[in-house]
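Student: Here is my input, please return the structure:
(one chain, ligands or ions: 1)
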Amino acid sequence: MGALSATRRGIARSLYALVRTAAPAAYAQDGMISVHSHAFMQEPAFQRAYARGVKAIGGTDTYQWHWRIHIGLWAAAIAARLPGDFVECGVNRGFLSSAIMEYLAWNSLDRDFYLLDTFAGLDGRYISESERGGGAMHRNAEHLQSGFYVDGVDEVRANFDEWPRARIIVGPVPDTLGQVSATRVAYLHLDMNNATPEVAALSYFWSRLVAGAPVLLDDYAYLGYTPQKLAMDEFANSHGISVCSLPTGQGLIIKPPASSP
Ligand SMILES: C[S@@+](CC[C@H](N)C(=O)[O-])C[C@H]1O[C@@H](n2cnc3c(N)ncnc32)[C@H](O)[C@@H]1O
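Tutor: Purely as a prediction, here's the structure:
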């Protein structure tokens, strides 16, 4: 982690601790402070799913992603009522996808969950000048060095071993998109921390997404990822829709019925 980002994280953590001291019931972590109800954190099903996500990253919750995971589980539960497979582009160690598979008892469902990642960080060929200027490749190197980004797929495969229909696809998006054989997609999560492969994936899956399918964009409103927001807004505008900006930093699209492909 670079000195500047370490300092920023340190300041944020101190601020969260201060808020929780003043208002113990507040939610203060992961870029978000809220006094609104986060009672979902007490639900046993949420807790089991979250714990499975934590197991995927090695057993210690260094992420503190509760509200983000709540949104992901909510979206996945909607998607489970629709026909189609699930797809995540940007899996890393599998925190959210493992939580979802636990939450939905994946082996009881007749579906595939496609999990696409380089499992080696960002692919420099797809990083725009503005992302590069904003430090994307520098952050990528930090994340690989610190172990936040997994480097290699073996431990990821071991994590997903309990779910035979977890379909791990190794390599850079968009190059690997053709390996997803799903003709109908009920859930799409994009979390690659760079815009070009995310827009390529959304364009690729748009006509395969069934009406009502949630498309969750992990970085849409997150501090420091403006190029992804701009790119997704452009995609949304060109399809006559808009992205719902969430206070977690995520963005949410619902595939409208009879949308033009
Ligand atoms: C923030 S992590 C994903 C976190 C994950 N969704 C979770 O729940 O823990 C971003 C991931 O995107 C992957 N990635 C970045 N660019 C990619 C690309 N062009 N193709 C495939 N994976 C990519 C990285 O390797 C990294 O694992």
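
Student: Return the residues of the stretch 1-150 of the chain in contact with the ligand.
Tutor: Applying CB under 6 Å from any ligand atom, one finds that the stretch 1-150 of the chain approaches the ligand through 90-93, 95-96, 116-118, 121-123, 126, 149. For the C-beta atoms, the positions are set from N, CA and C on the backbone; glycine is no exception.

Student: please redo it, this time with the cut-off set to 8 Å
Tutor: Proximity of the stretch 1-150 of the chain to the ligand (CB under 8 Å from any ligand atom) is limited to residues 53, 56-57, 63, 65, 72, 88-99, 116-123, 126, 140, 143, 148-150.

Student: which SSE is Leu216 in?
Tutor: strand 214-217 (DSSP states H and E).

Student: So is that strand next to the ligand?
Tutor: No. On the criterion CB under 8 Å from any ligand atom, strand 214-217 is out of touch with the ligand, staying 9.7 Å away.

Student: That strand packs against which elements?
Tutor: When contacts are defined as 3 or more CB pairs under 8 Å, 6 or more residues apart in numbering; DSSP states H and E, strand 214-217 sits against helix 66-79, strand 185-190, strand 251-254.

Student: winner for burial among those?
Tutor: With neighbours taken as mean count of other CB atoms under 10 Å, the helices and strands packed on strand 214-217 reach their highest mean count in strand 185-190, at a mean of 26.

Student: hey, where'd the helices end up in the stretch 151-261 of the chain?
Tutor: For the stretch 151-261 of the chain, the helices defined by DSSP state H, counting those that start in this stretch occupy 154-160, 195-206, 226-238.

Student: closest one to Pro214 among those?
Tutor: Set against Pro214 and scored by CB to CB, the helices of the stretch 151-261 of the chain come closest in helix 195-206, at 12.2 Å.

Student: what comes into contact with that closest one?
Tutor: By CB atoms under 8 Å, 6 or more residues apart in numbering, the residues outside helix 195-206 that reach it are 87, 89-90, 116, 123, 126-128, 131, 172-174, 177, 180, 185, 188, 190, 192, 215, 217, 227-228, 230-232, 234-235, 239, 255, 259, 261.

Student: relative orientation of it and helix 226-238 in degrees?
Tutor: Inter-element angle recorded for helix 195-206 and helix 226-238: 30 degrees (by axes from the mean of the first three to the mean of the last three CA atoms, to 10 degrees).

Student: Can you give me the buried ones in helix 195-206?
Tutor: Within helix 195-206, the residues that qualify as buried by neighbour count (16 or more other CB atoms under 10 Å) are Ala195, Thr196, Pro197, Glu198, Val199, Ala200, Ala201, Leu202, Tyr204, Phe205, Trp206.

Student: Domain-wise, how is the chain divided?
Tutor: The record's domain split for the chain, according to automatic domain parsing, is 1-36, 39-254.

Student: Return the most buried member of those domains.
Tutor: Of the domains of the chain, domain 39-254 is the most buried (mean count of other CB under 10 Å), at a mean of 19.

Student: mind checking the end-to-end distance for it?
Tutor: Counting by CA to CA, to the nearest Å, you get 25 Å between the two ends of domain 39-254.

Student: Rounded mean pLDDT for it, please.
Tutor: Averaged over domain 39-254, pLDDT sits at 98.
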